[in-house]
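>>> Test case, fold it:
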Amino acid sequence: MRKDIVLLGSNTDLGIKIIELFLKYPNKFQIVGLTYDRTLNNQDVFLKQVKCLNPKSIYFDKLEDYKLIPENEFSDKVDVFYEDESFIKFIKSTEIDIVVSSLRGGSCVKKILSSIHEYKDITILDSAPLLYSGAIIVQEAKSKGVSLNVFTYQVFSLVQFLKARRTNDVYSLHFFSSKHTEKVKDIDPEDYKTYFEFIKKYNSLIKTKILFEAYLVNYIYNIPISQMSFYEQSKPVISIAAQFKDGSNLLNMTSRNFESIFNYYFLDSDLLINQKYIIYDSLTLSVNKIDINNYELLKLGINALENGGSNPILFYLALDKLTELMYTKKLKIGTDIYKVIVEIISDKELHNKKPDLSFIYALDKKISIRLNDKYAIKEKDNKK
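Purely as a prediction, here's the structure:
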């Protein structure tokens, strides 16, 4: 039976990538709805997608984005929706089996939650909305009986580990990062085409990339951070390893790719894609447990998750906004990232044991204002 798909943010890199995979199986999938991510300003890409896929409906966050596209470019058979209040109408406009989101940032959380409230199964390609909202999306999906899949290698690996086991059977989890010779101070934003590439590299160097995977595992499976540890390896071989209470161990290699995850989640297939693999028996691999005292942001992020409530959300929001200021070269030179995040987490007015979405949106705004007022280079400074 063919499944009808709606893709949120089809014009993103991840959206473009997954469309290519869906098109390989025209008898299994039909893309019936697309939404435009206005942060990318690539209307031409979106227009080509609409013409190629011929969806039943499309959605724009703003009417002005729709107006930028020449008249008569869309078929009369395509229903067009725009502005926030029309998103629910867009979701209800056609039969949908799965909503796939490639969006990031806080603005897409409402879209994901709206889809869940309409009892649509969700697949999230970019994990940023989960990190932004804490456990809210996961809890809502569970309460509605909606299937939630997340496209990260570690979460995907754990899904496989737990096929024949329970979460309570997990004794410990080990997350693996590669060793890096580069220093954070040597990263130049101009070397990266997109913010996504820059933040991925930055988070790898400061070890928060694997920390955020631990956040996701905690939100999805409620496994405490006390059962997790972090390792460095000389070569990028291992993604995640799990030890179970019966003494058995499982690990997953980093050779799993995007298409493998797609096959598993959408085709119910665990077959590996044909590719060349390193013969691991002949590979010299050194693995060392990370000393969190050598990575102050990693240690701070671990403590934030241990303390719960809004703490991990504060940590994520502050770090994400600071790295964005770095990427746009608006952060004042010499700003101590660690001290700034400690200052934010230490503010008792920003704490809540059970934060809801309204509280998180308020946090987002307060943190943005604080960072822009105290640590961002003002436009008038740039003109001097």
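>>> make it CA atoms for all contacts and neighbour counts henceforth
Noted.
>>> Report the contact partners of Tyr265.
Asn149 (Cα atoms under 8 Å, 6 or more residues apart in numbering).
>>> what's the distance between it and Asp37?
24 Å (Cα to Cα, to the nearest Å).
>>> And Val184, by the same measure?
Distance from Val184 to Asp37, by Cα to Cα: 30 Å.
>>> quick one: which of those two has more around it?
Each of Val184 and Asp37 has its neighbours counted (other Cα atoms under 10 Å); Asp37 has more, 24 against 13.
>>> what's the nearest residue to the more buried one if we skip its chain neighbours?
Nearest residue to Asp37 in three dimensions, chain neighbours excluded: Gly9, at 4.9 Å (Cα to Cα, 6 or more residues apart in numbering).
>>> Angles on the backbone of the nearest residue to Ser147 once chain neighbours are set aside, please.
Of all residues not flanking Ser147 in the chain, Asp121 sits nearest, at 4.8 Å (Cα to Cα, 6+ apart). Per-residue torsions, Asp121: phi -60, psi 150 (degrees, to the nearest 10).
>>> on that earlier part again, so the residue nearest to Asp37 makes contact with Thr35?
Yes. Taking contacts as Cα atoms under 8 Å, Gly9 lies within contact range of Thr35: 5.2 Å.
>>> Which helix or which strand is home to Ile240?
Here Ile240, judged by DSSP states H and E, is contained in strand 238-244.
>>> Sheet-wise, list the partners of that strand with their directions.
Using DSSP bridges, the strands paired with strand 238-244 are strand 170-178 (antiparallel), strand 249-253 (antiparallel).
>>> pLDDT (mean, whole number) over the shortest one?
Strand 249-253 shows an average pLDDT of 86 in the prediction.
>>> Contacts for it next, please.
When contacts are defined by Cα under 8 Å, 6+ apart, strand 249-253 is touched by residues Ser157, Phe161, Val237, Ile238, Ser239, Ile240, Ala241, Ala242, Gln243.
>>> tell me the contacts of the residue nearest to Ala242 when sequence neighbours are not counted?
Once flanking residues are discounted, Ala242 sits nearest to Leu173: 4.6 Å by Cα to Cα, 6+ apart. By Cα under 8 Å, 6+ apart, the contact set of Leu173 is Gln227, Met228, Ser229, Ile240, Ala241, Ala242, Gln243.
>>> can you tell me which residues contact the last one?
Which is Gln243. Gln243 touches Val170, Tyr171, Ser172, Leu173, Asn249, Leu250, counting by Cα under 8 Å, 6+ apart.
>>> beta partners of the fourth one?
Read it as Leu173. Met228, Ala242.
>>> now it: how far from Ile116?
29 Å.
>>> before we move on, what about the third one?
Using Cα to Cα, one gets 31 Å for the distance from Ser172 to Ile116.
>>> So between those two, which is more surrounded?
Between Ser172 and Ile116, counting by other Cα under 10 Å, Ile116 is the more crowded of the two (24 against 18).
>>> rewinding a little: pull out the buried members of the contacts of Leu173.
Among the contacts of Leu173, the ones that count as buried by 16 or more other Cα atoms under 10 Å are Met228, Ser229, Ile240, Ala241, Ala242, Gln243.
>>> Determine which two of the residues you listed are furthest apart.
Ser229 and Gln243 (11.4 Å; Cα to Cα).
>>> Overlap in contacts, the two.
Ser172, Leu173.
>>> What pLDDT is listed against the residue nearest to Ala242?
Model confidence at Leu173 (pLDDT) stands at 96.
>>> Could you check stretch 24-42 and say which residues are buried?
Phe29, Gln30, Ile31, Val32, Gly33, Leu34, Thr35, Tyr36, Asp37.
>>> Dump the contacts of strand 249-253 into TSV; add distance to Ser260 and pLDDT as well.
Formatted as TSV, those follow (distance: Cα to Cα, whole Å; pLDDT from 0 to 100):
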residue	distance to Ser260	pLDDT
Ser157	11	90
Phe161	15	91
Val237	16	83
Ile238	16	87
Ser239	14	89
Ile240	16	92
Ala241	18	92
Ala242	20	94
Gln243	23	94
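>>> Pick out whichever of those residues sits closest to Lys201.
Nearest to Lys201 among the contacts of strand 249-253, with distances taken as Cα to Cα, is Ser239, at 16.4 Å.
>>> Return the residues in contact with the residue nearest in space to the middle of the chain.
Here the mean C-alpha position of the chain is nearest to the C-alpha of Ser127 (Cα atoms, centre = their mean), at a distance of 1.6 Å. Ser127 makes contacts with Arg104, Val150, Phe151, Thr152, as judged by Cα under 8 Å, 6+ apart.
>>> And Ile18, how far from Thr123?
The value you get for Ile18 to Thr123, if Cα to Cα is used, is 11 Å.
>>> Likewise for Leu21?
14 Å.
>>> the more surrounded of these two?
Counting neighbours by other Cα under 10 Å for Leu21 and for Thr123 shows that Thr123 has the greater number, 20 against 15.
>>> Could you pull out the helices in the stretch 51-200 of the chain for me?
Counting by DSSP state H, counting those that start in this stretch, the stretch 51-200 of the chain has helices at residues 63-67, 87-92, 109-117, 128-133, 136-144, 153-161, 195-205.
>>> ok, residues contacting the longest one?
Spelled out, it's helix 195-205. 177, 180, 182-184, 187, 189, 192, 209-210, 323-324, 327.
>>> Can you give me the buried ones in that helix?
Buried positions in helix 195-205, judged by neighbour count with 16+ other Cα under 10 Å: Phe198, Ile199, Lys201, Tyr202, Asn203, Ser204, Leu205.
>>> want to throw those into JSON lines with pLDDT?
What follows is the buried residues of helix 195-205, written out as JSON lines (pLDDT from 0 to 100):
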{"residue": "Phe198", "pLDDT": "93"}
{"residue": "Ile199", "pLDDT": "92"}
{"residue": "Lys201", "pLDDT": "93"}
{"residue": "Tyr202", "pLDDT": "94"}
{"residue": "Asn203", "pLDDT": "95"}
{"residue": "Ser204", "pLDDT": "94"}
{"residue": "Leu205", "pLDDT": "94"}
